[in-house]
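**Student:** Okay, sequence plus prediction incoming.
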Amino acid sequence: MVKAVVLGAAGGIGQPLSLLLKINPHVTELALYDIVNAPGVAVDLSHIATPSKVEGFLPPPKDSKEPNVGLEKALTGADVVVIPAGVPRKPGMTRDDLFKINAGIVRDLATAIATTAPKAFVLVISNPVNSTVPIVAEVFKKHNVFDPKRLFGVTTLDVVRASTFVAEVLGDRSLSSSITVPVVGGHSGVTIVPLLSQSSHPLPSSFDGSAVDSLVNRIQFGGDEVVKAKDGAGSATLSMAYAGAEFAAKVIRAIKGERGITVPSYVNLTAHPEGGEALRKDIGKELDYFSSPVELGPNGVEKINGLGTITPAERVLVNAALTELAASIDKGVSFIQAPKL
Ligand SMILES: NC(=O)c1ccc[n+]([C@@H]2O[C@H](COP(=O)([O-])OP(=O)(O)OC[C@H]3O[C@@H](n4cnc5c(N)ncnc54)[C@H](O)[C@@H]3O)[C@@H](O)[C@H]2O)c1
Ligand SMILES: O=C(O)C[C@H](O)C(=O)O
(Lines give C-alpha, C1' and ligand atoms only; values in the text may rest on other atoms or scores of the structure.)
(Ligands and ions follow the chains in the order given, each with its own letter.)
Protein backbone atom coordinates (compact mmCIF):
# COMPACT_ATOMS: atom_id res chain seq x y z
CA MET A 1 0.00 0.00 0.00
CA VAL A 2 1.45 3.35 -1.01
CA LYS A 3 -0.30 6.67 -0.52
CA ALA A 4 1.08 9.45 -2.71
CA VAL A 5 0.06 13.07 -2.22
CA VAL A 6 0.48 15.95 -4.65
CA LEU A 7 0.38 19.48 -3.16
CA GLY A 8 -0.31 21.93 -5.98
CA ALA A 9 -2.09 19.20 -7.93
CA ALA A 10 -4.21 21.46 -10.15
CA GLY A 11 -1.26 23.29 -11.68
CA GLY A 12 0.73 22.95 -14.87
CA ILE A 13 2.99 20.33 -13.31
CA GLY A 14 0.51 19.04 -10.75
CA GLN A 15 -2.06 17.75 -13.24
CA PRO A 16 0.19 15.67 -15.52
CA LEU A 17 2.23 14.53 -12.52
CA SER A 18 -0.96 13.33 -10.84
CA LEU A 19 -1.91 11.54 -14.05
CA LEU A 20 1.44 9.74 -14.11
CA LEU A 21 1.09 8.78 -10.45
CA LYS A 22 -2.43 7.49 -11.15
CA ILE A 23 -0.94 5.04 -13.64
CA ASN A 24 1.93 4.04 -11.34
CA PRO A 25 1.06 0.44 -10.39
CA HIS A 26 2.54 0.77 -6.88
CA VAL A 27 0.36 3.70 -5.87
CA THR A 28 -2.79 2.50 -4.13
CA GLU A 29 -4.06 5.87 -2.94
CA LEU A 30 -3.57 9.29 -4.49
CA ALA A 31 -4.53 12.49 -2.66
CA LEU A 32 -4.58 15.76 -4.56
CA TYR A 33 -4.51 19.10 -2.79
CA ASP A 34 -4.55 22.59 -4.27
CA ILE A 35 -6.07 25.95 -3.40
CA VAL A 36 -8.21 25.57 -6.55
CA ASN A 37 -9.79 22.79 -8.61
CA ALA A 38 -8.22 19.74 -6.90
CA PRO A 39 -11.55 17.90 -6.49
CA GLY A 40 -12.25 18.34 -10.22
CA VAL A 41 -8.85 17.00 -11.22
CA ALA A 42 -9.35 14.08 -8.83
CA VAL A 43 -12.76 13.13 -10.25
CA ASP A 44 -11.35 13.32 -13.77
CA LEU A 45 -8.42 11.04 -12.88
CA SER A 46 -10.66 8.69 -10.90
CA HIS A 47 -12.25 7.51 -14.17
CA ILE A 48 -8.93 6.02 -15.33
CA ALA A 49 -9.03 2.25 -15.08
CA THR A 50 -6.15 1.73 -12.67
CA PRO A 51 -6.70 0.42 -9.13
CA SER A 52 -5.66 3.46 -7.09
CA LYS A 53 -8.24 5.52 -5.23
CA VAL A 54 -8.07 9.27 -5.96
CA GLU A 55 -9.44 12.07 -3.81
CA GLY A 56 -9.14 15.83 -4.15
CA PHE A 57 -9.04 18.40 -1.36
CA LEU A 58 -9.31 22.18 -0.99
CA PRO A 59 -8.57 24.54 1.91
CA PRO A 60 -11.46 26.26 3.69
CA PRO A 61 -12.69 29.52 2.13
CA LYS A 62 -10.13 32.36 2.24
CA ASP A 63 -11.51 34.42 5.10
CA SER A 64 -12.61 31.48 7.21
CA LYS A 65 -10.88 30.80 10.53
CA GLU A 66 -11.49 27.05 10.14
CA PRO A 67 -8.47 24.72 10.32
CA ASN A 68 -7.32 23.36 6.95
CA VAL A 69 -9.08 20.01 7.20
CA GLY A 70 -8.67 19.41 3.45
CA LEU A 71 -4.90 19.57 3.67
CA GLU A 72 -4.90 17.44 6.81
CA LYS A 73 -7.07 14.78 5.16
CA ALA A 74 -4.88 14.79 2.05
CA LEU A 75 -1.75 14.24 4.13
CA THR A 76 -3.04 11.70 6.62
CA GLY A 77 -1.23 8.39 6.09
CA ALA A 78 0.98 9.78 3.31
CA ASP A 79 4.04 7.79 2.29
CA VAL A 80 5.26 10.17 -0.41
CA VAL A 81 4.41 13.87 -0.71
CA VAL A 82 5.37 15.69 -3.89
CA ILE A 83 5.27 19.51 -3.83
CA PRO A 84 4.88 21.39 -7.12
CA ALA A 85 2.86 24.21 -5.47
CA GLY A 86 3.86 27.78 -6.21
CA VAL A 87 4.33 30.30 -8.97
CA PRO A 88 6.47 29.62 -12.05
CA ARG A 89 8.86 32.00 -13.82
CA LYS A 90 8.06 34.45 -16.58
CA PRO A 91 10.69 35.63 -19.08
CA GLY A 92 13.36 37.79 -17.45
CA MET A 93 12.92 36.25 -13.99
CA THR A 94 15.39 34.11 -12.09
CA ARG A 95 14.23 31.22 -9.96
CA ASP A 96 15.29 33.25 -6.93
CA ASP A 97 12.73 35.92 -7.93
CA LEU A 98 10.08 33.30 -7.02
CA PHE A 99 11.33 33.11 -3.41
CA LYS A 100 9.10 35.98 -2.26
CA ILE A 101 5.92 34.03 -2.99
CA ASN A 102 7.00 30.41 -2.97
CA ALA A 103 8.97 30.44 0.30
CA GLY A 104 5.81 31.12 2.30
CA ILE A 105 3.78 28.55 0.35
CA VAL A 106 6.40 25.86 0.92
CA ARG A 107 6.80 26.81 4.61
CA ASP A 108 3.06 26.44 5.23
CA LEU A 109 2.80 23.14 3.37
CA ALA A 110 5.89 21.82 5.21
CA THR A 111 4.28 22.77 8.52
CA ALA A 112 1.23 20.72 7.63
CA ILE A 113 3.40 17.74 6.62
CA ALA A 114 5.44 18.02 9.83
CA THR A 115 2.31 17.87 11.96
CA THR A 116 0.27 15.36 9.94
CA ALA A 117 2.70 13.09 8.05
CA PRO A 118 6.16 13.59 9.60
CA LYS A 119 7.42 10.23 8.34
CA ALA A 120 6.51 10.85 4.70
CA PHE A 121 9.16 11.13 2.01
CA VAL A 122 9.01 14.74 0.82
CA LEU A 123 9.91 15.56 -2.79
CA VAL A 124 10.27 19.30 -3.40
CA ILE A 125 9.74 20.65 -6.92
CA SER A 126 8.74 24.26 -6.09
CA ASN A 127 11.42 26.79 -7.00
CA PRO A 128 13.87 28.03 -6.02
CA VAL A 129 14.72 24.42 -5.05
CA ASN A 130 18.14 25.50 -3.72
CA SER A 131 16.26 27.44 -1.00
CA THR A 132 12.91 25.65 -0.67
CA VAL A 133 14.52 22.36 0.41
CA PRO A 134 16.33 24.08 3.32
CA ILE A 135 13.00 25.75 4.20
CA VAL A 136 11.29 22.35 4.53
CA ALA A 137 14.21 21.05 6.61
CA GLU A 138 14.09 24.03 9.00
CA VAL A 139 10.33 23.69 9.47
CA PHE A 140 10.77 20.00 10.25
CA LYS A 141 13.59 20.81 12.69
CA LYS A 142 11.30 23.28 14.48
CA HIS A 143 8.79 20.46 14.91
CA ASN A 144 11.53 18.00 15.96
CA VAL A 145 10.69 15.64 13.11
CA PHE A 146 13.52 16.28 10.64
CA ASP A 147 14.88 13.12 9.04
CA PRO A 148 17.34 14.21 6.31
CA LYS A 149 17.08 10.77 4.68
CA ARG A 150 13.48 11.54 3.70
CA LEU A 151 13.82 14.99 2.15
CA PHE A 152 14.63 15.38 -1.54
CA GLY A 153 15.00 18.32 -3.89
CA VAL A 154 13.89 17.13 -7.31
CA THR A 155 16.69 17.91 -9.78
CA THR A 156 15.76 15.08 -12.13
CA LEU A 157 14.78 17.43 -14.94
CA ASP A 158 18.40 18.53 -15.28
CA VAL A 159 19.43 14.91 -15.67
CA VAL A 160 16.61 14.23 -18.15
CA ARG A 161 17.70 17.25 -20.20
CA ALA A 162 21.34 16.15 -20.10
CA SER A 163 20.38 12.71 -21.46
CA THR A 164 18.24 14.24 -24.20
CA PHE A 165 20.79 16.83 -25.31
CA VAL A 166 23.70 14.35 -25.27
CA ALA A 167 21.64 11.96 -27.43
CA GLU A 168 21.06 14.84 -29.86
CA VAL A 169 24.79 15.53 -30.00
CA LEU A 170 25.45 11.82 -30.60
CA GLY A 171 22.91 11.97 -33.43
CA ASP A 172 20.81 9.12 -32.06
CA ARG A 173 17.64 10.08 -30.15
CA SER A 174 16.86 6.42 -29.54
CA LEU A 175 19.68 6.45 -26.99
CA SER A 176 18.22 9.25 -24.88
CA SER A 177 16.49 7.11 -22.25
CA SER A 178 19.57 4.94 -21.74
CA ILE A 179 22.09 7.77 -21.48
CA THR A 180 22.95 8.83 -17.94
CA VAL A 181 24.95 11.93 -17.14
CA PRO A 182 25.43 12.89 -13.48
CA VAL A 183 24.32 16.48 -12.85
CA VAL A 184 25.46 17.80 -9.49
CA GLY A 185 25.29 21.03 -7.47
CA GLY A 186 21.88 22.63 -7.33
CA HIS A 187 18.93 23.52 -9.54
CA SER A 188 19.52 26.99 -10.93
CA GLY A 189 21.77 28.35 -13.68
CA VAL A 190 25.44 27.98 -12.84
CA THR A 191 24.65 25.80 -9.81
CA ILE A 192 23.59 23.08 -12.31
CA VAL A 193 26.82 21.21 -13.04
CA PRO A 194 26.68 18.44 -15.64
CA LEU A 195 29.60 16.01 -15.44
CA LEU A 196 29.75 15.19 -19.15
CA SER A 197 33.05 13.34 -18.69
CA GLN A 198 31.07 10.72 -16.73
CA SER A 199 28.38 10.25 -19.38
CA SER A 200 27.46 6.60 -19.82
CA HIS A 201 27.81 7.31 -23.55
CA PRO A 202 31.00 9.33 -24.07
CA LEU A 203 31.01 12.27 -26.45
CA PRO A 204 33.38 11.96 -29.42
CA SER A 205 36.87 13.38 -28.77
CA SER A 206 36.27 15.85 -31.62
CA PHE A 207 33.47 17.34 -29.52
CA ASP A 208 35.49 19.75 -27.41
CA GLY A 209 36.11 23.40 -26.54
CA SER A 210 33.22 25.67 -27.39
CA ALA A 211 31.00 22.71 -28.37
CA VAL A 212 31.26 21.34 -24.81
CA ASP A 213 30.74 24.82 -23.38
CA SER A 214 27.51 25.30 -25.32
CA LEU A 215 26.22 21.87 -24.34
CA VAL A 216 26.94 22.64 -20.67
CA ASN A 217 25.26 26.02 -21.08
CA ARG A 218 22.18 24.43 -22.68
CA ILE A 219 21.81 22.00 -19.76
CA GLN A 220 22.34 24.77 -17.19
CA PHE A 221 19.84 27.08 -18.85
CA GLY A 222 17.39 24.52 -20.28
CA GLY A 223 14.71 25.96 -18.02
CA ASP A 224 15.14 29.38 -19.63
CA GLU A 225 14.73 27.81 -23.06
CA VAL A 226 11.24 26.64 -22.05
CA VAL A 227 10.32 29.88 -20.24
CA LYS A 228 11.26 31.85 -23.36
CA ALA A 229 9.34 29.53 -25.70
CA LYS A 230 6.22 29.67 -23.47
CA ASP A 231 6.49 33.46 -23.65
CA GLY A 232 4.82 34.42 -20.39
CA ALA A 233 2.69 31.28 -20.00
CA GLY A 234 4.97 29.68 -17.40
CA SER A 235 7.87 27.28 -17.31
CA ALA A 236 8.46 23.57 -17.90
CA THR A 237 5.43 21.56 -16.83
CA LEU A 238 5.17 18.41 -18.96
CA SER A 239 8.87 17.52 -18.93
CA MET A 240 8.88 18.29 -15.20
CA ALA A 241 5.87 16.06 -14.60
CA TYR A 242 7.71 13.28 -16.46
CA ALA A 243 10.88 13.88 -14.41
CA GLY A 244 8.96 14.16 -11.12
CA ALA A 245 7.02 10.98 -11.78
CA GLU A 246 10.24 9.11 -12.68
CA PHE A 247 11.81 10.31 -9.45
CA ALA A 248 8.75 9.46 -7.35
CA ALA A 249 8.54 6.02 -8.96
CA LYS A 250 12.13 5.26 -7.91
CA VAL A 251 11.50 6.46 -4.37
CA ILE A 252 8.37 4.30 -4.19
CA ARG A 253 10.27 1.24 -5.47
CA ALA A 254 12.90 1.83 -2.77
CA ILE A 255 10.20 2.16 -0.07
CA LYS A 256 8.85 -1.18 -1.26
CA GLY A 257 12.23 -2.78 -0.64
CA GLU A 258 13.96 -2.71 -4.03
CA ARG A 259 17.72 -2.29 -3.63
CA GLY A 260 20.35 -0.70 -5.82
CA ILE A 261 18.38 2.37 -6.89
CA THR A 262 20.52 5.48 -7.35
CA VAL A 263 18.95 8.85 -8.09
CA PRO A 264 20.39 12.32 -8.40
CA SER A 265 18.90 14.59 -5.77
CA TYR A 266 19.52 17.79 -3.83
CA VAL A 267 19.80 16.55 -0.26
CA ASN A 268 20.93 17.60 3.18
CA LEU A 269 24.42 16.18 3.51
CA THR A 270 23.75 14.84 7.02
CA ALA A 271 21.46 12.25 5.37
CA HIS A 272 24.60 10.11 5.08
CA PRO A 273 27.23 11.79 7.26
CA GLU A 274 30.21 9.84 5.89
CA GLY A 275 29.27 10.39 2.24
CA GLY A 276 28.26 13.97 2.97
CA GLU A 277 31.64 14.71 4.55
CA ALA A 278 33.48 13.10 1.63
CA LEU A 279 31.39 15.13 -0.82
CA ARG A 280 32.18 18.35 1.11
CA LYS A 281 35.87 17.50 0.72
CA ASP A 282 35.33 16.89 -3.02
CA ILE A 283 33.68 20.27 -3.49
CA GLY A 284 35.98 22.09 -1.04
CA LYS A 285 33.21 23.92 0.85
CA GLU A 286 31.20 23.30 4.01
CA LEU A 287 27.79 23.34 2.33
CA ASP A 288 24.83 21.67 4.03
CA TYR A 289 23.00 20.83 0.78
CA PHE A 290 24.23 19.61 -2.58
CA SER A 291 22.80 17.57 -5.42
CA SER A 292 24.62 14.33 -6.11
CA PRO A 293 23.67 10.76 -7.01
CA VAL A 294 22.24 9.15 -3.86
CA GLU A 295 21.51 5.51 -3.17
CA LEU A 296 18.05 4.80 -1.83
CA GLY A 297 16.80 2.22 0.65
CA PRO A 298 13.45 1.65 2.35
CA ASN A 299 14.21 4.44 4.82
CA GLY A 300 15.39 6.93 2.24
CA VAL A 301 18.93 8.08 1.48
CA GLU A 302 21.41 5.31 2.34
CA LYS A 303 24.49 6.68 0.66
CA ILE A 304 25.57 9.98 -0.87
CA ASN A 305 28.05 9.52 -3.67
CA GLY A 306 30.97 11.84 -4.22
CA LEU A 307 31.92 13.61 -7.43
CA GLY A 308 34.27 10.88 -8.67
CA THR A 309 36.98 11.87 -11.13
CA ILE A 310 36.17 15.17 -12.78
CA THR A 311 38.03 17.16 -15.43
CA PRO A 312 39.70 20.53 -14.73
CA ALA A 313 36.90 22.23 -16.70
CA GLU A 314 34.28 20.51 -14.51
CA ARG A 315 36.21 21.63 -11.42
CA VAL A 316 35.83 25.22 -12.64
CA LEU A 317 32.07 24.67 -13.00
CA VAL A 318 31.81 23.19 -9.49
CA ASN A 319 33.71 26.16 -8.04
CA ALA A 320 31.47 28.58 -9.91
CA ALA A 321 28.37 26.96 -8.37
CA LEU A 322 29.43 27.26 -4.74
CA THR A 323 28.86 30.95 -3.96
CA GLU A 324 25.32 31.09 -5.34
CA LEU A 325 24.46 27.77 -3.74
CA ALA A 326 25.69 28.88 -0.30
CA ALA A 327 23.69 32.13 -0.55
CA SER A 328 20.50 30.31 -1.60
CA ILE A 329 20.83 27.80 1.24
CA ASP A 330 21.36 30.61 3.78
CA LYS A 331 18.36 32.47 2.40
CA GLY A 332 16.10 29.44 2.90
CA VAL A 333 17.45 28.68 6.38
CA SER A 334 17.14 32.31 7.56
CA PHE A 335 13.58 32.53 6.23
CA ILE A 336 12.57 30.05 8.94
CA GLN A 337 15.18 30.72 11.63
CA ALA A 338 15.04 34.52 11.47
CA PRO A 339 11.97 35.54 9.51
CA LYS A 340 11.75 39.25 8.59
CA LEU A 341 9.19 41.00 10.79
N1 LIG B 1 12.33 21.45 -9.75
C2 LIG B 1 12.19 21.65 -11.04
O3 LIG B 1 12.97 21.14 -11.84
C4 LIG B 1 11.05 22.47 -11.56
C5 LIG B 1 10.69 22.37 -12.91
C6 LIG B 1 9.61 23.13 -13.36
C7 LIG B 1 8.92 23.97 -12.47
N8 LIG B 1 9.30 24.04 -11.18
C9 LIG B 1 8.58 24.88 -10.23
O10 LIG B 1 7.35 24.24 -9.86
C11 LIG B 1 6.41 25.22 -9.40
C12 LIG B 1 5.04 25.01 -10.05
O13 LIG B 1 5.13 25.23 -11.43
P14 LIG B 1 3.81 25.11 -12.35
O15 LIG B 1 4.24 25.38 -13.73
O16 LIG B 1 3.09 23.85 -12.02
O17 LIG B 1 2.96 26.35 -11.78
P18 LIG B 1 1.36 26.55 -11.88
O19 LIG B 1 1.10 27.96 -11.54
O20 LIG B 1 0.85 26.02 -13.16
O21 LIG B 1 0.82 25.59 -10.74
C22 LIG B 1 1.07 25.83 -9.39
C23 LIG B 1 -0.10 25.35 -8.59
O24 LIG B 1 0.19 25.58 -7.21
C25 LIG B 1 -1.04 25.93 -6.61
N26 LIG B 1 -0.81 26.57 -5.33
C27 LIG B 1 -0.46 27.85 -5.08
N28 LIG B 1 -0.40 28.05 -3.74
C29 LIG B 1 -0.69 26.88 -3.17
C30 LIG B 1 -0.80 26.45 -1.82
N31 LIG B 1 -0.58 27.28 -0.80
N32 LIG B 1 -1.13 25.17 -1.59
C33 LIG B 1 -1.36 24.31 -2.61
N34 LIG B 1 -1.29 24.67 -3.90
C35 LIG B 1 -0.96 25.93 -4.16
C36 LIG B 1 -1.74 26.82 -7.62
O37 LIG B 1 -3.12 26.95 -7.35
C38 LIG B 1 -1.42 26.08 -8.90
O39 LIG B 1 -2.42 25.15 -9.22
C40 LIG B 1 7.06 26.57 -9.72
O41 LIG B 1 7.65 27.09 -8.55
C42 LIG B 1 8.13 26.23 -10.74
O43 LIG B 1 9.18 27.14 -10.75
C44 LIG B 1 10.34 23.30 -10.70
O1 LIG C 1 13.11 27.12 -15.34
C2 LIG C 1 12.24 27.13 -14.46
O3 LIG C 1 11.93 28.15 -13.85
C4 LIG C 1 11.51 25.87 -14.15
C5 LIG C 1 12.42 24.72 -13.83
O6 LIG C 1 13.25 24.98 -12.74
C7 LIG C 1 13.18 24.20 -15.00
O8 LIG C 1 14.37 23.91 -14.87
O9 LIG C 1 12.59 24.05 -16.08
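**Tutor:** Perfect, thanks for sending it. Ligands and ions are numbered 1, 2, ... in the order given.

**Student:** which non-adjacent residue is nearest Thr76?
**Tutor:** Thr116 (5.9 Å; CB to CB, 6 or more residues apart in numbering). For the C-beta atoms, the positions are set from N, CA and C on the backbone; glycine is no exception.

**Student:** again with Asp282
**Tutor:** Leu307 (4.3 Å).

**Student:** got it, and Ser174?
**Tutor:** Ala167 (7.7 Å).

**Student:** so what's the residue of the chain found nearest ligand 2 up against?
**Tutor:** Ligand 2 sits closest to Gly223 of the chain, with a gap of 2.3 Å, by CB to the nearest ligand atom. Counting by CB atoms under 8 Å, 6 or more residues apart in numbering, Gly223 makes contact with 89, 95, 157, 235-236.

**Student:** if I look at the residue nearest to Asp282, how far off is Val184?
**Tutor:** 6 Å (CB to CB, to the nearest Å).

**Student:** Quick check on those two: which one has the bigger neighbour count.
**Tutor:** Val184 (31 against 22; other CB atoms under 10 Å).

**Student:** Against Glu274, how distant is that one?
**Tutor:** 18 Å.

**Student:** go on, Glu168?
**Tutor:** In terms of CB to CB, Glu168 sits 38 Å off from Glu274.

**Student:** quick one, which of those two is more surrounded?
**Tutor:** Glu168 (14 against 9).

**Student:** And for that one, nearest residue in space, chain neighbours not counted?
**Tutor:** That would be Ser176: by CB to CB, 6+ apart, it lies 8.0 Å from Glu168.

**Student:** so who does the one you found touch?
**Tutor:** Contacts of Ser176 by CB under 8 Å, 6+ apart are 163-164, 166-168.

**Student:** and the residue of the stretch 101-250 of the chain nearest ligand 1?
**Tutor:** Asn127 (3.4 Å).

**Student:** that older thread, run a quick neighbour tally on the residue nearest to Thr76.
**Tutor:** 19.

**Student:** now swap in Ala103 and tell me
**Tutor:** If we define neighbours as other CB under 10 Å, then Ala103 has 21 of them.

**Student:** Quick check: the farthest pair among the contacts of Ser176?
**Tutor:** Ser163 and Glu168 (9.9 Å; CB to CB).

**Student:** Get me the contact residues on this protein for ligand 2.
**Tutor:** Neighbours of ligand 2 within the chain, by CB under 6 Å from any ligand atom: 88-89, 95, 127, 157, 223, 226-227, 235-236.

**Student:** switch to 5 Å and redo it
**Tutor:** 89, 223, 235-236 (CB under 5 Å from any ligand atom).

**Student:** The stretch 151-300 of the chain: strands as residue ranges?
**Tutor:** Taking DSSP state E, counting those that start in this stretch as the criterion, the stretch 151-300 of the chain carries its strands at 151-153, 183-185, 192-194, 261-268, 289-297, 300-304.

**Student:** need these in a markdown table with mean pLDDT and distance to Pro61, can you?
**Tutor:** Output for these, formatted as a markdown table (pLDDT from 0 to 100; distance: least, CB to CB, whole Å):
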| stretch | mean pLDDT | distance to Pro61 |
| --- | --- | --- |
| strand 151-153 | 98 | 31 |
| strand 183-185 | 98 | 42 |
| strand 192-194 | 98 | 40 |
| strand 261-268 | 97 | 35 |
| strand 289-297 | 98 | 37 |
| strand 300-304 | 98 | 37 |
